[in-house]
Every structure is written in C-alpha cells, then in structure tokens.
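> Sequence and predicted structure below; questions after.
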Amino acid sequence: MLHDVDADLRGAESPLQRSPGAADDDSLSDGASAAADSYWALSRMPLTSLVFILPLVLAYEGGVLFLGRSSPRNGADVWLRHILDALGFGEYFLLPVLTILGLLAWQHIEHDRWRFKPWVLVGMAAECLFLAVVLVGLARLQNRLWPLQLGAGLEGIFARFIGFCGAGLYEEVLFRLLMLPAVAWGLERVGTPPSSSVLWSAVITSLLFSAAHYVGPLGDSFELYSFTFRTMAGLFFALLFVVRGFGIAAGTHAAYDMLVGLLP
C-alpha cells in the first residue's frame, strides 16, 4: 500500500506507533474480506448460482418451445406447473421467472453485497463436471457390486430422463431449493436440533426424489436397484446443495445426466 506522506507531515500516527491489537484487527479484516471473495464463497452465492443456471433455463425452456409445448417435459417441471395451475397461476413463463426471482430474493436476504466474478463460472463448470464423473463412478461401482442386478444397464435406466437440462434445473428446484429447507424448518418446529433437522431433511427429500421417478404413467417400473441408487444420488445432490450451493447442485445434476446419456 502506498504511504501517505501528507498524513505524516500532519502528525498522523505512523505504523510503528499503532498498537498490536489494531494491526491484528486489520489482518483479521483483510482475511475476512479475502474469504468473502474466494471461489468457495462466491460460488455458493445465490446470485452466482442464478447466472450459472441461466443457460440451463434457456436451453430447457427454449428447447421445449422449439419442439412444441405438447412435447414431453421433465416430471418435476410438470408437478411444479400443476401446483401453480391449481393456485390459479397458469402463465407459461411463470415457473422460470419465479425460479429467478427466488434466487434474487435469497441473495437480497442473506448477502449484503452483490458480488459477481465471471471467472468463478469457469471453476463451477469444472467442479460440476468433476462431481458428475464421481457420481458416474459411484453408479458403476454399485452396478458391479449389486447382488440382484440382472443386466439392466444404468444408462438404460437413466436414458428415460426427459431433458437433461430440465432434470438438473427443476428437480433441484423442487427437491433441494424448496423442499429440503421446508422439511428442515418443519422438523425444527417439532423440536429436532438444527443439525439433525438438516440431516433428516436430506434423507427424507432424497427418498421422495427417488420415489418420484416411479409415479405417473411415464414413471419407471419400481426396482430396488434403481431406487437405491437414486436415493444415494439424492443424498449426493443434497450434500452439494448444503455445502456448495444451488448452482453446483443443479449443474452437477445436469452434467451427470448428460454423461450418462452420452457415455457408452
């Protein structure tokens, strides 16, 4: 930092005259500022998550419009739209708009500074790809160790996911962004300690996430193998949501579906 000569001429306190406590306070302040501007902190912010998932929103919603609104949609997307329709809000673009406004509101409530650095998006993309590969590895490991597996490939099970971008976006909106905090809040209201409420809400929402894939006319036939893996995947995404934020969870989910759909 440049030295202020004019301040010295006016008799300002020199660094040698400052108390050790003041120097320590400055060091702590600098450390806190650096931590707030680190990749770990910035990538967790709702504002960064919003910018990161915008390509998923545009790809999914734009793709559905291009193919026609009657084309198959992601299950979580359909359920969320049914809820809005039941409440009297049937506008087509309301769901993505509410998703965007929800993340902006979260940013406003929990963060006093609106910081965004484009280089963080590159790191988030690399992190999501790495985590997706880890989840693919866990899936293949389960495939080899599962005693009841009779030859149904994992790719065949997950190839029926409709819209990789839609799954990454709206399944995370429904089960992690909306449902997980709501279940945790409800558990706390009945006396569950905060740390335990987060753990149990992750387990409950992961079981619901897995079970949702077998609901409705387009749902899969129930298999213990796929149900177990989807529950494990739900716990994986819940952990990412709690520790790394919504953007990383949604990005990893979409990247995983894409890898499963593209890898032989």
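Yep, that arrived.
> and Pro194, how many neighbours does it have?
If you count neighbours by other C-beta atoms under 10 Å, Pro194 ends up with 10. Where C-beta positions appear, they are placed from N, C-alpha and C, glycine not excepted.
> and if you look at the one 10 residues further on?
Other residues lying near Ile204 total 18 when counted by other C-beta under 10 Å.
> Find the helix or strand that it is a member of.
helix 194-211 (DSSP states H and E).
> Dump that helix to PDB, restricted to CA.
C-alpha atoms of helix 194-211 as PDB (Å, rounded to 0.1, in the frame of the first residue of the first chain):
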ATOM      1  CA  PRO A 194     -30.900 -27.800  13.700                       C
ATOM      2  CA  SER A 195     -28.000 -30.100  12.700                       C
ATOM      3  CA  SER A 196     -30.200 -33.200  12.900                       C
ATOM      4  CA  SER A 197     -33.000 -31.500  11.000                       C
ATOM      5  CA  VAL A 198     -30.800 -30.800   8.100                       C
ATOM      6  CA  LEU A 199     -29.600 -34.400   8.000                       C
ATOM      7  CA  TRP A 200     -33.100 -35.900   8.300                       C
ATOM      8  CA  SER A 201     -34.500 -33.500   5.700                       C
ATOM      9  CA  ALA A 202     -31.700 -34.600   3.300                       C
ATOM     10  CA  VAL A 203     -32.700 -38.200   3.900                       C
ATOM     11  CA  ILE A 204     -36.500 -37.600   3.600                       C
ATOM     12  CA  THR A 205     -36.200 -35.500   0.400                       C
ATOM     13  CA  SER A 206     -33.800 -38.000  -1.200                       C
ATOM     14  CA  LEU A 207     -36.200 -40.800  -0.600                       C
ATOM     15  CA  LEU A 208     -39.000 -38.700  -2.100                       C
ATOM     16  CA  PHE A 209     -36.700 -37.700  -5.000                       C
ATOM     17  CA  SER A 210     -36.100 -41.400  -5.700                       C
ATOM     18  CA  ALA A 211     -39.700 -42.400  -5.300                       C
END
